[in-house]
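**Q** All I have is the shape, not the residue letters:
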């Protein structure tokens, strides 16, 4: 806040602010790491204590992650294949998510603005919504066959609803006063739709996109159960068949990381577009 | 706008106006001066409530000449805000007609700018962008928009806050932006719906003074809704007192005290007492109703 109106003397102020924010950020990261590290310790202790052979220790998983990424430890069919699988999954996630975004956002905008469309489509959409995406799997395999397309379809289904519903909500929660203000200033029709409806719904649309993208990463594993060769979900399914629990957990961790970094990227865009509202910053 | 008019006597409303507003060249000057800024005839409004129709306004007749500062004064529920919203074109009439400069009002338009009590600023636009919103959508070039916005941001004394967002401003500053936004749109009529109602007393007094200065400089027609007797007498050329159930005009009082007006002067307080008594006589039956409901 304080740096906003100051135009003279920002140069000496800037490094101080930057230094402070770096310090604050690293302390945030440190705080966020406490619980995961404790859980890791608990995991290790419990495996040691029970002597189970079914669950690997964090150390075994770490070795597996290294081998999966760089190879050189086990040198089997999975060694150094991370990039291949990651790329295959990311591509499907973004295809499904992209389809969901380009259909969910416009449909949400229309439904938000038109009472007639809402009456027309709401019963159908409300009826389809509670059906778990996984229940679509058999039908998806009939429609799209075994393979990549089924996975993309499931990801699309999973991401579509949060995106569309949040867009509808965003449009409907734009302050009526702002439409009056725009009309009174001579801004009507499509210009009003762009400058008020879309802008006002943007925070909510971004919420929907973030939710949609996280659902997309959740569903990619289910989607890749449909008999694809490549992909992190396929790796997990193969590892399960081979009883390689360390590889299962490795796959889980990489999906988690991929989902996390995708979300961060969206959050960065979100924070840039929502500069005007500290409450919409994540 | 026309700085040469700052000292002009305010009774001058019948004289040909300055040739402001590019939008009015189609009417020649002498004729334009005679057309009232706003003309309401037989305006009625009936709402459909759950327990049947409710008559909110009944047979309102009012002629507001160009350049006049009119206050609509009344207790809450008398329909003064509804009336203002009809002038703005936000609400439809059940009967009667409203015309502005001889043309019927059909929906909101840039010729009648509205200042809302809750500001109605676009939270995602900066102060400068909010003020430039009207000119931008009127198709002005980017440079023109910036020049206009800059001029009016200075006029309301917010030059140092051009790049702030509304969320970073105080209530008084937000209302200045809202006023500047309407002025930048080059309308001829300023409609204000209890604009200073949510502000603290000091800010309110300051903004009242500034509004009078702006009005003197721009010669706009102002319709100002308030429930404060003092505010109405301090600001207006003419106070239109409204009473409720159904809303109608109870009295129409010319205020010819010289400006700047002294709220502690004898003349001011005579007027204040007179209008307040008029208001409370309208209020009496309503108070009885509330008392009965509460009993």
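**A** Cool, the structure landed. Please read these numbers as outputs of a predicted model, since none were measured by experiment.

**Q** give me the low-pLDDT residue ranges for chain B?
**A** Within chain B, the ranges that satisfy pLDDT under 70 run B:1-33, B:282-295.

**Q** Show me the domain layout of it.
**A** B:37-111+B:189-197+B:217-281, B:116-186 (automatic domain parsing).

**Q** now the helices: where do they sit in chain B?
**A** When secondary structure is read from DSSP state H, chain B shows helices at B:29-34, B:80-88, B:127-131, B:133-137, B:142-155, B:171-184, B:201-218, B:229-235, B:266-294.

**Q** Tabulate those helices (CSV), appending distance to chain A.
**A** To be clear about C-beta, it is placed using only N, CA and C from the backbone, and glycine gets the same treatment. Below are the helices of chain B laid out as CSV (distance: least, C-beta to the nearest C-beta, whole Å):
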stretch, distance to chain A
helix B:29-34, 21
helix B:80-88, 6
helix B:127-131, 9
helix B:133-137, 4
helix B:142-155, 12
helix B:171-184, 7
helix B:201-218, 17
helix B:229-235, 21
helix B:266-294, 28
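
**Q** Redo those helices as JSON lines? Include mean neighbour count.
**A** Output for the helices of chain B, formatted as JSON lines (neighbours: other C-beta atoms under 10 Å in any protein chain shown):
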{"stretch": "helix B:29-34", "mean neighbour count": "13"}
{"stretch": "helix B:80-88", "mean neighbour count": "23"}
{"stretch": "helix B:127-131", "mean neighbour count": "26"}
{"stretch": "helix B:133-137", "mean neighbour count": "24"}
{"stretch": "helix B:142-155", "mean neighbour count": "17"}
{"stretch": "helix B:171-184", "mean neighbour count": "24"}
{"stretch": "helix B:201-218", "mean neighbour count": "16"}
{"stretch": "helix B:229-235", "mean neighbour count": "22"}
{"stretch": "helix B:266-294", "mean neighbour count": "13"}
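
**Q** Output those helices as a markdown table; include the columns distance to residue B:121.
**A** Shown next, in a markdown table, are the helices of chain B (distance: least, C-beta to C-beta, whole Å):
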| stretch | distance to residue B:121 |
| --- | --- |
| helix B:29-34 | 32 |
| helix B:80-88 | 17 |
| helix B:127-131 | 5 |
| helix B:133-137 | 9 |
| helix B:142-155 | 13 |
| helix B:171-184 | 6 |
| helix B:201-218 | 15 |
| helix B:229-235 | 22 |
| helix B:266-294 | 32 |
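
**Q** closest to residue A:97 out of those?
**A** Closest of those to residue A:97 is helix B:127-131, at 31.8 Å (criterion: C-beta to C-beta).

**Q** what residues does the closest one touch?
**A** Helix B:127-131 is contacted from outside by B:121-122, B:146, B:148-150, B:152-153, B:158, B:161-166, B:169, B:177, B:180-181, B:184, using C-beta atoms under 8 Å, 6 or more residues apart in numbering or on different chains.

**Q** repeat that with 6 Å
**A** B:121-122, B:149, B:152-153, B:158, B:161-162, B:164, B:177, B:180-181, B:184 (C-beta atoms under 6 Å, 6 or more residues apart in numbering or on different chains).

**Q** which one of these is nearest residue A:258?
**A** residue B:122 (36.9 Å).

**Q** Burial check on that closest one, number of neighbours?
**A** 23 (other C-beta atoms under 10 Å in any protein chain shown).

**Q** which residue sits closest to it, ignoring its sequence neighbours?
**A** Counting by C-beta to C-beta, 6 or more residues apart in numbering or on different chains, residue B:130 is the residue found nearest to residue B:122 once chain neighbours are left out, at 5.7 Å.
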